[in-house]
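Participant: Show me the folded form of this:
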Amino acid sequence: MGPLPVFVFLHGGGFKLGNEWSNDRQMRELADHWGGAVLSADYLHAPEHAFPAAVDEVAAVLRWLHDEGHAWALDTTQIAVGGVSAGASVGFGAAVRLGPQAWLKAAVGIVGAFNFDTTCKSMRLYGNGELYPPSSQIQSMLEDYAPNPRDRDDPSVDLLRANAADLPVTFLAAAEYDVFRDASAAMAARLAEAGRLHAFKIYPGMAHLFFGFSREVDRAAKCVADIAEFLREAFPNP
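Facilitator: Take a look at the predicted model:
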């Protein structure tokens, strides 16, 4: 077997909580479905480590994999990055910081916190506290992650400000009943306009935390399978 393409996954947790084990089941399932290597990574957490610490750390991880991953039998020319919720924001932010790289060929965003607009429709519909996260927590989450107000317009924080043409081909997954659904839809529109969108799927009946329940919830398992199919297409020879 030759070197394997690698997907670097970043957990959620509002930029504050979680670790590399948070989605261990889903990453094992993904590796099994796909056939490539999956690297689940932690990153510096707010509020102790404010922006840009996390995105710079993940960008450094990606560069290191490109430079040294051959020692782990990884194909350093075929790297993908992505994550769930805040992890999607950090992963895409790292891709923005890196700029276009021939070796960074794919991205995956699951219920991504790509933007923090609390006035959008999905925030108003699903942010009343009956579902997680409530919209009342979004501003404080952003303030802890990016305490300097000037940083909140940085395209590595507000991904809707990024040049989508500089991002790799992307698969986006959103939950129907999620405050961040509209942020994913807006991100998908920008990526599609730039020719960087592989697919955008809204999983019916799902809420923000659905991805972590792939053992119990069929649509969470389907999301894992959909990501694996995307990675097989992005990297056809694992």
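Participant: which residues in this protein form helices?
Facilitator: Per DSSP state H, the chain carries helices over the ranges 24-34, 53-68, 86-98, 121-126, 138-145, 181-193, 218-234.
Participant: How about residues contacting the longest one?
Facilitator: Think helix 218-234. Residues outside helix 218-234 that contact it (C-beta atoms under 8 Å, 6 or more residues apart in numbering): 5, 7, 26, 29-30, 33-36, 80, 105-106, 108, 110, 169, 171, 173, 198-199, 201, 203-206, 210-215, 238. For every residue, glycine as well, the C-beta is placed using N, CA and C.
Participant: show me where pLDDT drops low in the protein?
Facilitator: For the chain, the stretches with pLDDT under 70 are 1, 237-238.
Participant: how does it look with 50?
Facilitator: Low-confidence regions of the chain, defined here as pLDDT under 50, do not occur.
Participant: Report the central residue of it.
Facilitator: Ranked by distance to the mean C-alpha position of the chain (C-alpha atoms, centre = their mean), the top residue is Ala88 at 2.1 Å.
Participant: Now that one: closest residue in space, sequence neighbours ignored.
Facilitator: Among residues not flanking Ala88 along the chain, Gly112 sits closest, at 3.3 Å (C-beta to C-beta, 6 or more residues apart in numbering).
Participant: residues contacting the one you found?
Facilitator: Counting by C-beta under 8 Å, 6+ apart, Gly112 touches 83-85, 88-89, 92, 159, 172, 180, 183-184, 187.
Participant: if I read this right, Phe51 contacts Val157, doesn't it?
Facilitator: Yes: with contact defined as C-beta atoms under 8 Å, Phe51 reaches Val157; the gap is 6.0 Å.
Participant: Which residues are in contact with each of these two?
Facilitator: Among the neighbours of Phe51, those also in contact with Val157 (C-beta under 8 Å, 6+ apart) are 145-146, 151.
Participant: Give me the contacts around stretch 26-35.
Facilitator: 4, 7, 9, 37-38, 40, 211-212, 214, 220-221, 224-225, 227-229, 231-232, 238.
Participant: Drop anything exposed from those.
Facilitator: With burial judged by 16 or more other C-beta atoms under 10 Å, the buried subset of the contacts of stretch 26-35 is 4, 7, 9, 37-38, 40, 211-212, 214, 220-221, 224, 227-228, 231-232, 238.
Participant: what about the closest residue to Val90 other than its chain neighbours, neighbour count?
Facilitator: Distances taken as C-beta to C-beta, 6+ apart put Ala54 closest to Val90, at 4.8 Å, once the chain neighbours are dropped. A count of nearby residues for Ala54, using other C-beta atoms under 10 Å, gives 26.
Participant: Return the member of the contacts of Gly112 nearest to Ile138.
Facilitator: Lowest distance from Ile138 to those (C-beta to C-beta) belongs to Phe180, with 8.9 Å.
Participant: show me what contacts the closest one?
Facilitator: 85, 111-114, 122, 174, 208.
Participant: Could you point out which of the helices of the chain sits nearest Ala46?
Facilitator: Across these, closest to Ala46 is helix 138-145 (C-beta to C-beta), at 4.4 Å.
Participant: Give me the buried positions along the closest one.
Facilitator: For helix 138-145, by 16+ other C-beta under 10 Å, it's 138, 141-145.
Participant: How far off centre is that helix?
Facilitator: Put simply, helix 138-145 sits 18 Å off its chain's centre (C-alpha atoms, centre = their mean, to the nearest Å).
Participant: quick one: contacts of it?
Facilitator: Here helix 138-145 makes contact (C-beta under 8 Å, 6+ apart) with 14-16, 46-47, 50-51, 54, 86, 113, 116, 118, 123, 127, 133, 152, 157, 179.
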